[in-house]
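**Student:** A predicted structure for the sequence below; I have some questions about it.
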Amino acid sequence: MGFSQAISGMNAASKHLDVIGNNIANAATVGFKSSSIAFADFYAGSKVGMGVKIADVMQNFNDGITTATNNNLDVAISGNGFFRLIDSGGQVFYTRNGQFQLDAERNIISTEGFHLTGYPTTGMPPKIQQGATPVPLQISQVMLNATATTKASMQINLNSNNEIPVRSPVNAEESDTFNYSNTITTYDSLGNQHNVQLIYVKTSDNHWDVHYIDNSDPTATLQPLGQMEFDTAGRLISNPDMIINVNGINGSANNTFTLSYLNSTQQNLGKEAGSVKSPYADGFAAGDLVGFNINDDGTIYGVYSNQQTMILGQIAMADFANLNGLEPAGNNNWRSTINSGGEVLGIANTGTFGILTSGAVEASNVDMSQELVNMIVAQRNYQSNSQTIKTQDQILNTLVNLR
């Protein structure tokens with residue numbers, strides 16, 4: 001019996017060395033999770049044990065160190081969760097290896113060519129369809145089309161000390177027919193830029209007329225916009241919203257947008273004719289994709305040549321009730337099993353899911369110092385069990401040689 005006990009011990013120590021060797025071999029593998037082995041004694045109807053058996057090989061899912069890279073498609077997970085991948089056959093895999101790249105169709109893929117999945121966008125401006133079925137993520141190079149201006153705003157301060165102009169009617173090219181002017185830039189349906197000049201004429205104390213002209217349209221003429229009335233404290237008390245109509249140019253559609261003067265004032269500015277704060281107008285020209293960013297919640301934003309950004313999708317995260325129930329599938333991937341439970345989907349930096357770091361990867365969590373100590377222990381176990389066989393052989397030899 002001593003032979004079988006020792007052989008089981010040697011086999012167990014050999015398996016332990018296999019686990020240690022695999023850990024050490026993958027010490028530089030991105031996203032690798034080290035394993036440890038669990039042993040159990042073995043009995044068969046006797047108080048004297050029959051040796052040892054392998055109870056389980058367990059993986060350690062603690063975080064590895066986050067290491068910076070020069071690739072903005074690399075993504076590291078800090079905390080719970082896995083990236084969700086799908087192969088060409090529709091089979092789903094899970095990984096902590098965030099070394100991603102683009103294929104010829106601009107899909108985000110893993111090193112083995114599996115597609116990274118996430119939540120798509122819908123509408124314009126685009127919004128993430130959270131709760132939708134994850135789909136392969138793509139960084140499209142499709143041009144960001146122009147968007148016409150629909151609203152604008154500014155806070156203007158008109159000088160209460162201004163005199164009423166002596167010349168009339170108001171003329172955009174004759175500065176002595178008005179008190180103050182400023183320009184706001186807007187866009188039409190084709191992305192053409194319109195420089196709309198706004199002209200302010202004092203008509204009486206606390207009362208002003210506002211006019212406008214589109215200086216980008218050679219056929220445009222000066223148009224009345226509305227009146228501004230202020231109280232004795234200089235607060236705007238008339239309707240702050242005014243409607244501007246501009247003609248299309250170069251084939252674009254005519255455009256109408258609202259200009260808000262909310263929180264505008266009338267105060268004595270000394271010699272200044274007026275001042276403007278916080279000018280704003282939505283809309284923009286067309287732009288080409290020049291880059292992209294991945295935020296800590298997995299949202300992917302395209303950066304365009306027109307200084308705009310647009311959300312392209314969001315990386316989906318997956319977690320499981322029992323991580324040690326996952327089945328290793330090679331290439332730093334796992335599959336779900338009955339023991340792991342079904343995938344729990346979500347997004348990074350919410351709930352129990354960890355945070356993502358773009359331009360970085362999660363290093364292997366192998367502790368080399370501990371593995372070398374474990375190697376010594378496994379080696380001693382193997383040698384000790386071999387000594388048991390040697391001793392049993394000597395005893396057997398003595399029995400055989402009895403006269």
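**Tutor:** Right, received. Where do you want to start? Residues are numbered from 1 along each chain as shown.
**Student:** residue contacts, residue 98?
**Tutor:** 30, 31, 74, 75, 76, 77, 83, 356, 360, 361, 362 (Cβ atoms under 8 Å, 6 or more residues apart in numbering). Glycine gets a C-beta too; all of them are placed from N, C-alpha and C.
**Student:** got TSV for those, with pLDDT and secondary structure too?
**Tutor:** Listed next are the contacts of residue 98 as TSV, based on pLDDT from 0 to 100; DSSP: H, G, I helix; E, B strand; the rest coil:
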residue	pLDDT	secondary structure
30	94	coil
31	93	coil
74	96	coil
75	97	strand
76	96	strand
77	96	strand
83	97	strand
356	96	strand
360	96	strand
361	96	strand
362	95	strand
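**Student:** Would you check which pair of those residues lies furthest apart?
**Tutor:** Using Cβ to Cβ, the two most remote members of the contacts of residue 98 are 30 and 356, lying 14.6 Å apart.
**Student:** between the two, which one's more packed in?
**Tutor:** Set residue 30 next to residue 356 and count neighbours by other Cβ atoms under 10 Å: residue 356 wins out with 25 against 21.
**Student:** Against residue 322, how distant is the residue lying closest to the more buried one once chain neighbours are set aside?
**Tutor:** Leaving aside its sequence neighbours, residue 356 sits nearest to residue 348 (Cβ to Cβ, 6 or more residues apart in numbering; 4.5 Å). Between residue 348 and residue 322 the computed distance is 21 Å (Cβ to Cβ, to the nearest Å).
**Student:** who's more crowded, the two?
**Tutor:** Neighbours were counted for residue 348 and for residue 322 using other Cβ under 10 Å; residue 348 has more, 27 against 11.
**Student:** okay, that one: pLDDT?
**Tutor:** You'll see residue 348 listed with a pLDDT of 95.
**Student:** and it, helix, strand or coil?
**Tutor:** Under DSSP: H, G, I helix; E, B strand; the rest coil, residue 348 falls in the coil class.
**Student:** now the helix or strand of the chain with the lowest mean pLDDT: how far from the chain's centre is it?
**Tutor:** Using mean pLDDT, DSSP states H and E, helix 368-400 stands out as the lowest-scoring helix or strand of the chain, at a mean of 81. When distances are taken as Cα atoms, centre = their mean, to the nearest Å, helix 368-400 is centred 53 Å away from the chain's centroid.
**Student:** other SSEs contacting that helix?
**Tutor:** helix 2-25 (3 or more Cβ pairs under 8 Å, 6 or more residues apart in numbering; DSSP states H and E).
**Student:** Could you list every helix and strand in contact with the helix it packs on?
**Tutor:** strand 35-42, strand 51-59, helix 368-400.
**Student:** Please export the C-alpha coordinates of the second one as PDB.
**Tutor:** What it means is strand 51-59. What follows is strand 51-59, C-alpha atoms only, in PDB (Å, rounded to 0.1, in the frame of the first residue of the first chain):
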ATOM      1  CA  GLY A  51      -2.900   8.800  -0.400                       C
ATOM      2  CA  VAL A  52      -3.800  12.200  -1.900                       C
ATOM      3  CA  LYS A  53      -5.900  13.400  -4.800                       C
ATOM      4  CA  ILE A  54      -6.400  16.700  -6.600                       C
ATOM      5  CA  ALA A  55      -9.600  18.300  -5.300                       C
ATOM      6  CA  ASP A  56      -9.600  21.400  -7.500                       C
ATOM      7  CA  VAL A  57      -7.500  23.900  -9.400                       C
ATOM      8  CA  MET A  58      -8.700  27.400  -8.500                       C
ATOM      9  CA  GLN A  59      -8.100  30.700 -10.200                       C
END
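**Student:** Span of stretch 289-306 from start to end?
**Tutor:** End-to-end distance for stretch 289-306: 9 Å, by Cα to Cα, to the nearest Å.
**Student:** didn't residue 190 look like it was pressed against residue 145?
**Tutor:** No - counting by Cβ atoms under 8 Å, residue 190 sits too far from residue 145 to count as a contact (9.1 Å).
**Student:** Pick out whichever of the two has more residues nearby.
**Tutor:** residue 190 (16 against 13).
**Student:** Checking that one next. Helix, strand or coil?
**Tutor:** Recorded secondary structure, residue 190: coil (three-state DSSP).
**Student:** In contact with it, which residues?
**Tutor:** Residue 190 touches 146, 248, 250, 251, 252, 286, counting by Cβ under 8 Å, 6+ apart.
**Student:** The strand ranked longest in the chain - what's its average pLDDT?
**Tutor:** Longest strand of the chain, by residue count under DSSP state E: strand 193-204. Averaged across strand 193-204, pLDDT comes to 96.
**Student:** in it, what's buried?
**Tutor:** Neighbour counts using 16 or more other Cβ atoms under 10 Å place 194, 196, 197, 198, 199, 200, 201, 202 of strand 193-204 among the buried residues.
**Student:** beta partners of residue 66?
**Tutor:** Judged by DSSP bridges, the bridge partners of residue 66 are residue 362.
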